[in-house]
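In: Need coordinates for the following:
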Amino acid sequence: MKRLLLVPTSIALLAGAIVTCSSGAGPDSGAARTYRLGFSATPPRLTIQSVLQTIEAWRPHSDIAQITQGVPWRALLADTSAAELVRRDLKELAALYHGRGLPLIIQIDVTDGLARDKEAPELVTLGRSIAEPAVQQRYREYVAAVDSILHPEYLGLAMETNLVRAIAPPSVYAAVRTIAAGGENTLIAQGSVAKRFISVQVETAWGRLPDVGHYVGIDTDRADFPLIRALGLSSYPFLAGFANPSDVPVDYYARMNESSATKLPMLIVEGGWSSGSVTGATSSPEKQALWIKRQMELADRAALVAVTQISFTDLDVSTYPMTPGSILPLFAQLGLVDVDFHAKPALAEWDRAFARPLQP
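Out: As a prediction, the model looks like this:
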């Protein structure tokens, strides 16, 4: 399976300028849903106008918003205060969401979202590491500022921890554990009311990595991050050998919560199904629509609290900076609309779910 992507998150800075093999039965169109639905501000093209147009386009289809944010390591380590960075880069975006009545999910990425076996590119360039106490201190300051200034309902402290553990050097995973624990303790000390979470990669938990082939679960993640109050899920089944959405088990998400005596609120914080064929996966707009329908069945089975995608639109990759060999093109067609905001069939399936009443 290809490594999974975190779409570059610097887009949020621009806005500051303004899922058993049973097929399962779909819910009745009038049945209440337990989960809010939403997207991030990631635009089709890297312009401020495109960011704002994206938010306006998905607003009628959403009742929650999310920000996926890498740590601004270079600025933090150059002695720019965390509070200054959060106010400059994210405060207006969060205020925009809250002003429109949207609860906010923020997840902070501490490794490389394009390659989970590596540390964040900025840190690598600087010759620094999240294993360093000084770097961990800057992270704690940043997390504290995000919480106190932006007031998210859910705050993610590390992403795809099981995938990091599976493919990164043990020292990287150990540092992720340490840095997230420090962030949790900082938030507890300042009386944060945000629901702290880490995200896990669902395909990794189901053993879809090469040479695994069996369900491995997330017990280690639950044990290694004991203070979390919610669980984020990352899921791209089209890259994990599932040829059709109907092949994805109906307990695909629910099983993440079944092995622990303490059930956590669960939310999809990234994922999707490409509307076009990519290396290693054959797809179509119709297949993507079938996935959205299937995903809502999985969400109902698991009683999720949120289902979000980073991408509402497709990505014009020619406008995104890419290193040689980047896997960004694998994720360029996850949007429910294309780069010019023309709806795909998947948007109608999303809207069928959105039209259902939200369970109080």
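In: Please tell me how far the residue of the chain most remote from its centre sits from Thr186.
Out: Relative to the centre of the chain, the most outlying C-alpha is that of Asp79, 28.4 Å out, by CA atoms, centre = their mean. From Asp79 across to Thr186, the span is 19 Å (CB to CB, to the nearest Å). The way it works is simple: take the backbone N, C-alpha and C, and place the C-beta from them, glycine included.
In: just Ile310 next, same as before
Out: Separation of Ile310 from Thr186 (CB to CB) stands at 26 Å.
In: Which one of those two is surrounded by more residues?
Out: Ile310 (27 against 19; other CB atoms under 10 Å).
In: tell me what the helix or strand containing that one is packed against?
Out: Assigning secondary structure by DSSP states H and E places Ile310 in strand 306-311. Contacts defined by 3 or more CB pairs under 8 Å, 6 or more residues apart in numbering; DSSP states H and E place strand 306-311 against strand 36-42, strand 64-70, strand 266-271, helix 285-302.
In: and that strand, which strands flank it?
Out: If you go by DSSP bridges, strand 306-311 pairs up with strand 36-42 (parallel), strand 266-271 (parallel).
In: can you put the ones you listed in CSV and add mean pLDDT, mean neighbour count and distance to Gln49?
Out: Output for those, formatted as CSV (pLDDT from 0 to 100; neighbours: other CB atoms under 10 Å; distance: least, CB to CB, whole Å):
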stretch, mean pLDDT, mean neighbour count, distance to Gln49
strand 36-42, 98, 25, 12
strand 266-271, 98, 27, 25
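In: Including distance to Tyr173, could those strands go into JSON lines?
Out: Formatted as JSON lines, the strands paired with strand 306-311 follow (distance: least, CB to CB, whole Å):
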{"stretch": "strand 36-42", "distance to Tyr173": "26"}
{"stretch": "strand 266-271", "distance to Tyr173": "19"}
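In: And the pLDDT at the residue nearest to Met322 when sequence neighbours are not counted?
Out: Nearest non-adjacent residue to Met322, counting by CB to CB, 6 or more residues apart in numbering: Leu328, 5.4 Å away. What the model reports for Leu328 is a pLDDT of 91.
In: show me where the stretch 51-200 of the chain has strands.
Out: Here the stretch 51-200 of the chain has its strands, by DSSP state E, counting those that start in this stretch, at 64-70, 104-109, 154-158, 195-201.
In: which one of those strands lies closest to Asp338?
Out: strand 64-70 (21.2 Å; CB to CB).
In: Which other helices and strands does the closest one contact?
Out: Counting by 3+ CB pairs under 8 Å, 6+ apart, the packing neighbours recorded for strand 64-70 are helix 11-15, strand 36-42, helix 91-99, strand 104-109, strand 266-271, strand 306-311.
In: Now do the fifth one against strand 154-158, angle only.
Out: The one in question is strand 266-271. Orientation check (axes from the mean of the first three to the mean of the last three CA atoms, to 10 degrees): strand 266-271 against strand 154-158 gives 60 degrees.
In: any idea how far strand 266-271 is from the chain center?
Out: 6 Å (CA atoms, centre = their mean, to the nearest Å).
In: Ile218 against Glu203, yeah?
Out: No - if you go by CB atoms under 8 Å, Ile218 and Glu203 don't touch, sitting 12.0 Å apart.
In: quick one, what contacts Pro121?
Out: By CB atoms under 8 Å, 6 or more residues apart in numbering, the residues touching Pro121 are Asp112.
In: Could you measure from it over to Asp147?
Out: Look at Pro121 and Asp147: by CB to CB, they are 25 Å apart.
In: now Val172
Out: The gap separating Val172 from Asp147 is 25 Å, by CB to CB.
In: same thing with Val51?
Out: Using CB to CB, Val51 is found at 24 Å from Asp147.
In: Quick check: which ranges of the stretch 51-200 of the chain have low pLDDT?
Out: Counting by pLDDT under 70, the stretch 51-200 of the chain contains no low-confidence residues.
In: Next, count neighbours for Ser50.
Out: Around Ser50 there are 21 other residues, counting by other CB under 10 Å.
In: Could you give the secondary structure assignment for it?
Out: The three-state label given to Ser50 by DSSP: H, G, I helix; E, B strand; the rest coil is helix.
In: how much space between the closest residue to it other than its chain neighbours and Tyr236?
Out: Once flanking residues are discounted, Ser50 sits nearest to Pro43: 3.7 Å by CB to CB, 6+ apart. From Pro43 over to Tyr236 the distance is 20 Å, taken as CB to CB.
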